[in-house]
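J.: let me see the structure of the following:
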Amino acid sequence: MANRDALRAFQSRLASRLQAARTTGVAATWLAVEAGEGKYLFPLGHAGEIFPWTPPQPVPYTQAWFLGVANLRGGLYGVVQLSAFATGVPGALAATEAARIQSRLVAFNELLEVNCALLVDRLAGLRGAEAFTASEPPGAEAPAWHGHLFTDAAGERWQEVNLQALSQQPQFLSIGA
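T.: Reported below is the predicted structural model:
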């Protein structure tokens, strides 16, 4: 009997939270990350599971930004260093233990059907549109996977990354050197 009461109470709390979410709207839209000197926003619908830093197995004759493959929760994922891919400049991996502890692998959502994880230096939390004071559409010369460029109240600029578009870019899919 106690289990039924607990289940009913749980269902009631869940129903009230769902109703509150419908009326107030979803606050978080992006996962904010930092990689190298850049600050990036991943749409929550495109981002998948977040893993702690796992050293990948190197793959010979690949681009400098492709770090190798890693076993993440039983799945084989290609690991891409986001800062190196975005800038075209090979970046050094975090040298200190403290920096490595903050590094994360952000997998693409399973719906995108790409077994890939992006190495980021630090997670910066969740962000909604209300966290930004201005936005500009991508420029004509911006890569196809760039979304809007947002500016927050502190003047920091955050580049939206369309992971779905990124996962379909020939440059991203061509890891061979």
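J.: could you use CA atoms for every contact and neighbour count after this?
T.: OK.
J.: ok, which stretches of this protein are helices?
T.: Counting by DSSP state H, the chain has helices at residues 2-24, 82-87, 97-102, 163-166, 170-173.
J.: average pLDDT for the longest one?
T.: In other words, helix 2-24. When pLDDT is averaged over helix 2-24, the result is 57.
J.: residue contacts, residue 61?
T.: With contact taken as Cα atoms under 8 Å, 6 or more residues apart in numbering, residue 61 is in contact with 176-177.
J.: how about residue 175?
T.: Here residue 175 is in contact with 62-63, 66 (Cα under 8 Å, 6+ apart).
J.: measure it to residue 55 for me?
T.: According to Cα to Cα, to the nearest Å, residue 175 and residue 55 sit 18 Å apart.
J.: how many neighbouring residues does the closest residue to residue 165 other than its chain neighbours have?
T.: Counting by Cα to Cα, 6 or more residues apart in numbering, residue 165 lies nearest to residue 145, which is 5.0 Å off, once chain neighbours are set aside. The local packing count at residue 145 equals 16, with neighbours defined by other Cα atoms under 10 Å.
J.: pLDDT at residue 145, what is it?
T.: For residue 145, the predicted pLDDT is 95.
J.: and for residue 92?
T.: The score at residue 92 is 68. That number is its pLDDT.
J.: again with residue 87
T.: Looking at residue 87, its pLDDT stands at 89.
J.: what's around it, how many residues?
T.: Other residues lying near residue 87 total 13 when counted by other Cα under 10 Å.
J.: got the contact list for it?
T.: When contacts are taken as Cα under 8 Å, 6+ apart, residue 87 is in contact with no other residue.
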